[in-house]
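Engineer: predicted model and sequence follow; I will ask about them next.
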Amino acid sequence: QVQLVESGGGLVQAGGSLRLSCAASGRTFSDYDMTWFRQAPGKEREFVAFTTSRGFRIAYADFVKGRFTISRDNAKNTVYLQMSSLKPEDTAVYYCAARPASVQRLAMTGSYDYWGQGTQVTVSS
């Protein structure tokens with residue numbers, strides 16, 4: 001089992017920044033690829049950013065490219081999402097998810113074994 005706990009969400013004005021953290025415990029963190037998703041009210045959960053277990057490959061959704069940065073510190077069992085130039089449409093609950101290395105699509109929520117409880121990000125205009 002892997003337990004994931006997100007933190008760092010909050011209320012921020014448009015154009016501002018936040019850094020989300022996802023702390024893992026349980027099995028070896030460095031064995032897992034990590035992904036950030038988000039879900040806005042009334043919408044499906046959507047892929048935001050991904051990093052492989054050692055951080056050698058990173059991917060982003062088009063709508064966050066150039067604004068968000070995913071990183072991980074395997075020594076601290078934590079993955080981060082640095083969010084800048086935030087927009088009201090970034091308002092959502094942000095979740096981290098873990099899975100072993102997989103060939104399945106990054107956005108396939110069913111391919112992830114472990115999820116955090118989510119952290120709310122609200123961007124005011």
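Structural biologist: Everything's here; your move.
Engineer: contacts only, for the residue nearest the centre of the chain.
Structural biologist: Relative to the mean C-alpha position of the chain, the nearest C-alpha, by C-alpha atoms, centre = their mean, is the one of residue 36, at 2.0 Å. Applying C-beta atoms under 8 Å, 6 or more residues apart in numbering to residue 36 gives the contacts 20, 22, 48-50, 70, 79, 81, 94-97. Bear in mind the C-beta positions are built from the backbone N, C-alpha and C, glycine included.
Engineer: so what's the closest residue to residue 1 other than its chain neighbours bridging to?
Structural biologist: Distance criterion C-beta to C-beta, 6 or more residues apart in numbering; nearest residue to residue 1, sequence neighbours excluded, is residue 26 at 4.9 Å. Legend: beta-bridge partners of residue 26 under DSSP bridges are residue 2.
Engineer: right, and residue 26 touches residue 32 too?
Structural biologist: No: Residue 26 lies out of contact with residue 32 (C-beta atoms under 8 Å); the separation is 10.0 Å.
Engineer: more neighbours, those two?
Structural biologist: Neighbour count, other C-beta atoms under 10 Å: between residue 26 and residue 32, residue 32 has more, with 25 against 12.
Engineer: do you know how far that one is from residue 65?
Structural biologist: From residue 32 across to residue 65, the span is 24 Å (C-beta to C-beta, to the nearest Å).
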